[in-house]
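Engineer: Would you be able to build a 3D model of this:
(chains A and B)
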Number of protein chains: 2
Amino acid sequence: MDLETVIGNGCARDWETVDANDVEPVRVAVIGLGWFTKGRVLPALEASKRCSPAVLVSGSGEKAQQIVETTDGAIHGITYDQFHDGVVADAYDAVYIVTPNALHMEYVETAVEYGKHVLCEKPMERSSKRARELESICASAGIKLMIAYRMHTEPAVRRARELIEAGYIGTPMTVDGEMSQRLLDRIDPNPDQWRLDEWLAGGGALFDIGIYPLNTARFLLGTDPIAVTGTTSSTHDAFADVDETVSFALRFPDGVTARCYASHNARQSSSITVTGTEGRIRIEPAFFQDQRRTLHVSRGDGRACIELEPVDQMLEEFDYFADRIRSDAPIYPDGDHGRIDMEIMESIYEGAADDRWISLE
Amino acid sequence: MDLETVIGNGCARDWETVDANDVEPVRVAVIGLGWFTKGRVLPALEASKRCSPAVLVSGSGEKAQQIVETTDGAIHGITYDQFHDGVVADAYDAVYIVTPNALHMEYVETAVEYGKHVLCEKPMERSSKRARELESICASAGIKLMIAYRMHTEPAVRRARELIEAGYIGTPMTVDGEMSQRLLDRIDPNPDQWRLDEWLAGGGALFDIGIYPLNTARFLLGTDPIAVTGTTSSTHDAFADVDETVSFALRFPDGVTARCYASHNARQSSSITVTGTEGRIRIEPAFFQDQRRTLHVSRGDGRACIELEPVDQMLEEFDYFADRIRSDAPIYPDGDHGRIDMEIMESIYEGAADDRWISLE
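Structural biologist: The predicted structure follows:
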């Protein structure tokens, strides 16, 4: 493959199908105004030429209104109840759902009722059963559904995938991926923390961060696992109901394997490595935001570190979503793609509980 | 821990218990004169002040004699049959067994018969059953038995273990280890290649190279796994009877896990990483010889690469063995230690075949 594609042009948006100047921006209703929305989502939507943060939806109308006043392009601040009632439904074209996992469904149902396209955070819902329902509701109504895998539009990941597809590492043999952080150093382990609530989250470290190496392995290999197993553990009381740590193993077709790890109680780190018969590509750091990505590439006797300019991952993701809303091009991380992760993760838990491999075939 | 211990004094032999000048060198009979012996073992024994390559044993007495003539300190070249018959038994104090795995037993039996101490290559034998017999034979006769894990005297590994024991990475959480090479690029896949023969080798990539990340994980954590599983696969006909590739997962006490990989058909690479609650230590490259070891250490916001001068790993290993022969200090990689690896590896195969986790408790 052409070196320029990787180095000289590394952050090019090879996924764009329509010119941003030829189409109307997609007006987004942002559902859920937590720290992630305020710190990551709204700045990206403010910077976007393809979307705008037209409507902000929160439990408190007052809070929503306050944030509207400091957000470029935001027009309406409404409550969840008002959203369900269709208030200002003409003011947005699509919704971005960034609530606790188990609440995704209800906002999708309302979005579908008003004919709005959906960008839904991952994991898709609290269970594969609900993910399947969610997918079905959108499909029946002709609503476009994208699951918010920001790695799919991260240039380092896309360049890695291109190199792999071009045969740079030979035949892919194995993937090693990990993501960990000290969650309790960052959040207060109070009962309102939905990530620690099994009913609201559906799972712990696996659902919250293990999904990054899992999904990125699927994305880089372009295929899905056929069997999985794992190990879960918790040391802190806050993780009584969900896994604090998970280690999991995946079998893909043709003898390809993956080994992954995620922990809310290990030093912050993230990487993903694909080793093939001829070479290796490692992305480190891989999954946390605001980090400069480096592709560590080796083949034969050669080694190279390719540093890519950082991008605003949320901006890339929103613009990809808006591009797909304004064109007929397929959405890669669609409902089917997101539901498969749910099935895999449930099987990892099942395998961990039963001390066996779970077939996904 | 004192930084000087790691950096300024990184290659110090902290395992020495007797001064080489105070004791007689250990005269070694080297059993098996393949490429590894000629390229790695004899140069180390020639350089050693603690051992000498007194007797060389091979299938061909003529070949053995030829190599004696070009090896400093070598005195006798004899055949395997002559060895069993006790020829020149007075000329050596210990044996180093570097034959195919399934033949270790017969040379140990003879060594014990003549009261010689034993350094036996890993894996210890072709099965845990035979490893247990081998261990028992030596113990009953009061013979010292060491299994040749060269990572135990590799300074990079020892410094990593010290840092872990000193709490540098907090509580260890997980280990990721891998070793791979393109074996068929290096050897001729003919029927005489014992590594491809299930009866002679006992196993494939797991026994031959997977034992490196497995055993080094045990050494760095200072504990043994309580359950294991894995996946094996082969693509090339040469690996019809043994695994070409293995991916395995281990559960240690207290929720600690390890994920390991070994392949005879992936690009040469080797590393081992221990991640804890507070930091991480990665050794890369880790397991192949003639490479400069780098400790990649991170903790808090800090990162460092500590490059250690390369050592002759076989020289370190032989000198450790000789030190233990000439003192009463215990041998860390003893028969018990080696047999446990055999049991773990058999359980990995069993888990891979049965799609389940195998308990080792």
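Engineer: what's downstream of the host helix or strand of residue A:44, the next helix or strand?
Structural biologist: Per DSSP states H and E: residue A:44 is located in helix A:42-47. Scanning forward in sequence from helix A:42-47 by DSSP H and E, the next helix or strand is strand A:51-58.
Engineer: Against which helices or strands is that next one packed?
Structural biologist: Identification of packing neighbours for strand A:51-58 by 3 or more CB pairs under 8 Å, 6 or more residues apart in numbering or on different chains; DSSP states H and E yields strand A:26-31, helix A:42-47, helix A:61-69, strand A:76-79, helix A:80-84, helix A:313-325. The C-beta positions use only the backbone N, C-alpha and C, and glycine is treated the same way.
Engineer: let's see 7 Å
Structural biologist: Counting contacts by 3 or more CB pairs under 7 Å, 6 or more residues apart in numbering or on different chains; DSSP states H and E, strand A:51-58 packs against strand A:26-31, helix A:42-47, helix A:61-69, strand A:76-79, helix A:313-325.
Engineer: Would you mind listing what in the stretch 51-200 of chain A touches chain B?
Structural biologist: A:173, A:174, A:176, A:180 (CB under 7 Å from any CB of the partner chain).
Engineer: so of those residues, which ones are in strands?
Structural biologist: If you go by DSSP state E, those have A:173, A:174, A:176, A:180 in strands.
Engineer: if we can go back for a sec, quick one: mean pLDDT over the helix holding residue A:44.
Structural biologist: Averaging pLDDT along helix A:42-47 gives 98.
Engineer: which strands and helices sit next to that helix?
Structural biologist: Counting by 3+ CB pairs under 7 Å, 6+ apart, helix A:42-47 packs on strand A:51-58, helix A:313-325.
Engineer: Next, the buried residues of it.
Structural biologist: A:42, A:43, A:44, A:45 (16 or more other CB atoms under 10 Å in any protein chain shown).
Engineer: now stretch A:71-91
Structural biologist: In stretch A:71-91, counting by 16+ other CB under 10 Å, buried: A:71, A:73-74, A:76-80, A:82-84, A:87-89.
Engineer: Widest-spaced pair of those?
Structural biologist: Greatest spacing in the buried residues of stretch A:71-91, by CB to CB: A:73 and A:84 (23.4 Å).
Engineer: For the helices and strands packed on helix A:42-47, state which one has the densest average packing.
Structural biologist: Mean neighbours per residue, mean count of other CB atoms under 10 Å in any protein chain shown, is largest over the helices and strands packed on helix A:42-47 for strand A:51-58, with a mean of 26.
Engineer: Check what contacts that one and list those residues.
Structural biologist: A:25-31, A:33, A:42, A:45-46, A:64, A:67-68, A:71, A:73-80, A:83, A:88, A:91-92, A:318-319, A:322 (CB atoms under 7 Å, 6 or more residues apart in numbering or on different chains).
Engineer: same deal with stretch A:350-361?
Structural biologist: Here stretch A:350-361 makes contact (CB under 7 Å, 6+ apart) with A:225-232, A:343-344, A:347, B:355-357.
Engineer: so what's the closest residue to residue A:268 other than its chain neighbours scoring on pLDDT?
Structural biologist: Leaving aside its chain neighbours, residue A:268 sits nearest to residue A:181 (4.5 Å; criterion: CB to CB, 6 or more residues apart in numbering or on different chains). We have a pLDDT of 95 for residue A:181.
Engineer: burial of residue A:181, as a residue count?
Structural biologist: 21 (other CB atoms under 10 Å in any protein chain shown).
Engineer: Residue A:68 now?
Structural biologist: For residue A:68, using other CB under 10 Å, the count is 18.
Engineer: Chain neighbours aside, what residue packs nearest to the residue in the stretch 51-200 of chain A that chain B sits nearest to?
Structural biologist: Residue of the stretch 51-200 of chain A nearest chain B, by CB to the nearest CB: residue A:173 (4.4 Å). Ranked by CB to CB, 6+ apart and with sequence neighbours excluded, the top spatial neighbour of residue A:173 is residue B:266, at 4.4 Å.
Engineer: ok, the one you found - contacts?
Structural biologist: A:173, A:174, A:275, A:276, A:277, B:180.
Engineer: Quick one: the helices in the stretch 251-361 of chain A, in order.
Structural biologist: For the stretch 251-361 of chain A, helices defined by DSSP state H, counting those that start in this stretch occupy the ranges A:313-325, A:335-354.
Engineer: Tabulate these (JSON lines), appending distance to residue B:167 and mean pLDDT.
Structural biologist: JSON lines is the format used below for these (distance: least, CB to CB, whole Å; pLDDT from 0 to 100):
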{"stretch": "helix A:313-325", "distance to residue B:167": "35", "mean pLDDT": "98"}
{"stretch": "helix A:335-354", "distance to residue B:167": "29", "mean pLDDT": "98"}
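Engineer: sec struct for the closest residue to residue A:103 other than its chain neighbours, please.
Structural biologist: Nearest residue to residue A:103 in three dimensions, chain neighbours excluded: residue A:200, at 7.3 Å (CB to CB, 6+ apart). Secondary structure state of residue A:200, per DSSP: H, G, I helix; E, B strand; the rest coil, is helix.
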